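1. coords below, sequence missing:
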């Protein structure tokens, strides 16, 4: 009977493991290790996303200053320099990693991200040159609210009634900044600025989609920058205006600031969802308003100030409502 039992144990791996304390202990350690590895460090990633988003906001505010300081140049020419510098930065980073490989299934989202991103940049630069710099900044900050709407379509995410309400409130605040009127010279730049925010919002949504698919941030930036430069090059050639060396320096600085901002915002949305960190992106409005006062002597009028309060207030309220929902998720009753 004993020999039969031993024979059975030899043919039964699970029985052999049970008799071997060392093997069982090792398996337990491996299992615990695997469980620990599967637990994502959510808090760490969220805070890292916040840091990246604030850095990007600061860099974007510097970019706005440099674009304005470059003087009276065609918008497409400014955008070409901005994206050209970003393309070089992206190429250097990819060259260091020795890999220009694109993830499977990324081509179409990259193309769409590049198209809407180009629209966003052109709209933003056009508004910066023709509006109060802080007004142009707040219109561009409609992007997170647009991303809520586009996430429903692109990422198949569900938007709550509160999400849609905050979007409506933000657009109401934008009306105070846009100040619709029959004066096309004032209304049109603001409208273009809104479309710039729309393009940026859709671009951020595609960045999130690409990050979820495992696409690298430097490759997203490089692809977009090269695509944008090639897309607007014919217009740049037709509209090209000779520049003084000071203008070239300001445009190169704008490109450097934009590159830092673009890499930072890509990293931010790769580390945390937009609903958790987008509110911190509004620090750009504070930075830009500060530069507007200190460098250009621009003070927003009372209607624009009301618009700022409404839009930023909606963003903050949206953040805290979302945070409360994440802490207290709705309980589900399962049928036995």
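-> Nice, I can see it. Please read all numbers here as calculations on a predicted model, not as lab measurements. Numbers count the residues shown, from 1 in each chain.
2. Can you list the low-confidence ranges for this structure?
-> The chain contains residues with pLDDT under 70 at 1-44, 181-183, 269, 274-275, 326, 328-336.
3. Now the helix or strand residue 121 falls within: buried residues?
-> Per DSSP states H and E, residue 121 falls inside helix 107-130. For helix 107-130, the neighbour count (16 or more other Cβ atoms under 10 Å) marks 109-110, 112-130 as buried. In this view, the C-beta of every residue, glycine as well, is placed from N, C-alpha and C.
4. so who does the residue nearest to residue 66 when sequence neighbours are not counted touch?
-> Excluding the flanking residues, the one nearest residue 66 by Cβ to Cβ, 6 or more residues apart in numbering is residue 254, at 3.6 Å. Contacts of residue 254 were listed using Cβ atoms under 8 Å, 6 or more residues apart in numbering, and they are 63, 66, 67, 70, 78, 81, 82, 85.
5. and if you look at residue 54?
-> Going by Cβ under 8 Å, 6+ apart, the list of residues near residue 54 reads 280, 283.
6. I'd like the numbering to begin with 826 instead of 1 from here.
-> From this message on, residue numbering opens at 826, which makes the last subject residue 879.
7. coming back round to it: let's have the contacts of residue 1079 in JSON lines, adding secondary structure.
-> Shown next, in JSON lines, are the contacts of residue 1079 (DSSP: H, G, I helix; E, B strand; the rest coil):
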{"residue": "888", "secondary structure": "helix"}
{"residue": "891", "secondary structure": "helix"}
{"residue": "892", "secondary structure": "helix"}
{"residue": "895", "secondary structure": "coil"}
{"residue": "903", "secondary structure": "helix"}
{"residue": "906", "secondary structure": "helix"}
{"residue": "907", "secondary structure": "helix"}
{"residue": "910", "secondary structure": "helix"}
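8. Please, where are all the helices along the stretch 1026-1161 of the chain?
-> 1042-1064, 1070-1096, 1099-1102, 1108-1116, 1127-1152 (DSSP state H, counting those that start in this stretch).
9. Ok, the stretch 876-1025 of the chain next?
-> Assigned by DSSP H, counting those that start in this stretch, the stretch 876-1025 of the chain shows helices spanning 900-922, 932-955, 958-965, 968-979, 986-1003, 1009-1037.
10. Residue 1106: which of these is closest?
-> Residue 1106 sits nearest to helix 968-979 of all the helices of the stretch 876-1025 of the chain, at 6.3 Å, using Cβ to Cβ.
11. Show me which residues of that closest one are buried.
-> Those would be 968, 969, 970, 971, 972, 973, 974, 975, 976, 979, for helix 968-979 by 16+ other Cβ under 10 Å.
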